Structures are given as structure tokens and as C-alpha cells.
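[1] here are the coordinates; sequence isn't available:
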């Protein structure tokens, strides 16, 4: 079994990284905090022009017809720049959910998403607050055992603050709604959306961790004490090395989870939970250790570190917290007749 990415996937990642690093700067993110929506329509159109909003939309509806494994590396790059726009949620959660629902709803909204004309967001029971509901053309919500679809004129929104100033969270009250799935079918759709949402968080957490490492290495290379860069001190090296090791060990489970979802494997739920746990742990450790090596500067609002640190904290509790995902893994490990051990790795 070959888990390596193709040359095309890696080249696409490089091109997206170059674009995002140049366009989504900390200064641009800070400027968005002072706007009413906190979102940048011009940037969304740029993402659409690159084909990113339609990457997982089928070719039938104007997209590129790719899957979660194709997008997971791009989600990492979105995390690296702390992208405020809901690109990752759109491509990894909303589009696959719409495609699974199918019918007139998919035929109406998927071409709009691919063209960058509309944002579609998803709210499940694990996320009582819906991110970016205020800029969405369509909101897909879990209500009890049903999955419903609502448009802005059918809802009232109540804003809630987040630890991450870039996030816009809303409690959605749907006065009128259309049920698009019920019963067992709704449960299957919700479960798949939850897995994709957790995978999206894991992938972004990898990018956030890498960005905090890079920022800390740069800062400690420039900051001097006793006539030497503080980055040359062994204790500082150990802080960053510990994060780098944790990050490297989190990449394989995240990519494995993307493979499992893209190929509809039975272990997808457990693979996703494993990925989210280890990726968010790596990002949280990166935040903690980067904060320490920045010293008192790390506490200041002016230092960009907190843009990435706070997003990592927010993602850790989105699409299922650590307790939820540990429970899912525990259910598999302790199930009767569980197929565990080295011999079951590729079964």
C-alpha cells in the first residue's frame, strides 16, 4: 500500500502555499478584524479563480472532481497562514455533504460554490455554534435526527465571541426549514460530515504547528542574550525539537485518515479521531513551547504568534473535542473481537 503523494499533488501544494503566504499576511488578517463581516470577498474570488473552492465539486457542476486526499495538503497550507475564509470547511465538509444529498439542492448550489458565487456552511450537534453563518448563502444544519437546509432569510443569527478573533461564530435559529434527509440516511450523512470536519481541523492544526515552529526559530535566531542568539541555547533547541517530533508523528495519521475517507474505508471514523487527537496535541504543544521561547514578547498583542496560537486552541474543540475522539478510539480498541496488532495494520 503506497501512501506517498503524487508529484502533481505536491506541486499543487507548493503553488497554493506560495499564493497564500503572499496574500494572507498577518497584517491582512488583523485588518479584517475591524470589518463587519471579518471576511474578504476579493480574497474569496482569488481562491475561486485558482479552482480551490471547486476542487472537490464534481466536473458535472464545474469543479475539478478531486477528493479529500487531494485537498488535505492544501488544508495544511490554509492552517499555515491561519486563513480566515471558510475554504477548508467548504471543500472538505460542505461540498461532499451537498454532493451526497444530491437532487435539486446540489444542482443549484454546487455550481455556485465552484464559481465562488456562494459559501455553504455546516452546523452539527458537536458544533452548536456555526462558523461563517453570516456570509453563507446556504446553511446545512443537524436538527435532532434530521438534516435541514436553510437560507439567510429563514434564520436569525446571534453572534458569539471566540478566543480566535478571526472566527465568526453564530447561534442559528431556523424559523423555516426544509428537511433534506431524515432517519438513518441523515445519520449517515451527519457522521460522514463530522469525520470530514474533524479531518479538516487536523490538517489545519499541522499547518499551524509548522508556522509556530518557523516563527519561533526566526525569533530566537534574531533575539540575543549574552551576545548570542537565544536559539543557540540548548534548552530552547529542546523546546522546538519536541514540537518538531510531535508534528512529524502527527502527519502520517492525518494523511492516513484522508486516505480512509477518500476510499470509504470502514476504519475512517477511528482514523479521523486518531488524526485529530495527535494533530491538535502537536499544535497545542507548538503554542505552549513557542510562547515560552518568545518570553514576555509572546504575551503582547502586537506579536503575530497569538494569531496562530488562538486558532490552534479553537480548532482543538471544534468538530468534537478530545474527550469525544478518545471515546471513539476506545470503543474500537475495547470492542469484542477487535482486530488489533501489527498483523491488522493493512487488513
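    Thanks, I have the structure now. In this text, all values refer to a predicted model and were calculated from it rather than measured experimentally.

[2] Now tell me what touches stretch 38-49 from outside.
    Outside stretch 38-49, the residues that touch it by CB atoms under 8 Å, 6 or more residues apart in numbering are 19, 23-24, 28, 32, 53-54, 84-85, 87, 114-116, 119, 132, 135, 166, 168. No exception for glycine: its C-beta is placed from N, CA and C like everyone else's.

[3] Mind checking which of those are in strands?
    Of the contacts of stretch 38-49, none are assigned to strands by DSSP state E.

[4] Just the buried ones from those residues?
    19, 24, 32, 53-54, 84-85, 87, 114-116, 119, 132, 135, 166, 168 (16 or more other CB atoms under 10 Å).

[5] How are the helices of the stretch 51-200 of the chain distributed by residue range?
    68-80, 87-89, 95-101, 103-114, 183-222 (DSSP state H, counting those that start in this stretch).

[6] Adding distance to residue 244 and mean pLDDT, write those out as CSV.
    CSV is the format used below for the helices of the stretch 51-200 of the chain (distance: least, CB to CB, whole Å; pLDDT from 0 to 100):
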stretch, distance to residue 244, mean pLDDT
helix 68-80, 15, 95
helix 87-89, 24, 94
helix 95-101, 32, 96
helix 103-114, 36, 96
helix 183-222, 6, 92
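
[7] Distance to residue 147 added to these, as JSON lines?
    JSON lines is the format used below for these (distance: least, CB to CB, whole Å):
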{"stretch": "helix 68-80", "distance to residue 147": "20"}
{"stretch": "helix 87-89", "distance to residue 147": "16"}
{"stretch": "helix 95-101", "distance to residue 147": "8"}
{"stretch": "helix 103-114", "distance to residue 147": "11"}
{"stretch": "helix 183-222", "distance to residue 147": "4"}
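
[8] Among those helices, which comes closest to residue 273?
    Among those, helix 183-222 comes nearest to residue 273, with 7.0 Å by CB to CB.

[9] Kindly calculate the angle that the closest one makes with helix 68-80.
    Orientation of helix 183-222 against helix 68-80 (axes from the mean of the first three to the mean of the last three CA atoms, to 10 degrees) gives an angle of 40 degrees.

[10] Check which residues of helix 183-222 are buried.
    186, 189-190, 192-213, 215-217, 219-220.

[11] so which helix or strand takes in residue 242?
    Using DSSP states H and E, residue 242 sits within helix 234-262.

[12] Quick check: which helices or strands does that helix pack against?
    On a contact count with 3 or more CB pairs under 8 Å, 6 or more residues apart in numbering; DSSP states H and E, helix 234-262 meets helix 68-80, helix 183-222, helix 268-294.

[13] how about these, which one is nearest residue 342?
    Of the helices and strands packed on helix 234-262, the one closest to residue 342 (CB to CB) turns out to be helix 268-294, at 16.3 Å.

[14] what element comes up after that closest one heading to the C-terminus?
    helix 305-316.

[15] Helix 268-294 and the following helix or strand past that next one, what's the angle between them?
    Once the chain leaves helix 305-316, the next helix or strand it forms, by DSSP H and E, is helix 322-333. For helix 322-333 against helix 268-294, the angle by the same axes, to 10 degrees is 140 degrees.

[16] by how many degrees do helix 322-333 and helix 305-316 diverge?
    40 degrees.

[17] Buried residues in helix 322-333, which are they?
    324, 325, 328, 329, 332.

[18] Go through those and name the one nearest residue 246.
    Once CB to CB is applied, the member of those that ends up nearest residue 246 is residue 325, at 16.7 Å.

[19] per-residue confidence for the closest one?
    What the model reports for residue 325 is a pLDDT of 95.

[20] quick one, what contacts the closest residue to it other than its chain neighbours?
    Once flanking residues are discounted, residue 325 sits nearest to residue 273: 3.8 Å by CB to CB, 6 or more residues apart in numbering. Under the criterion of CB under 8 Å, 6+ apart, the neighbours of residue 273 are 198, 320, 324, 325, 326, 328, 329.
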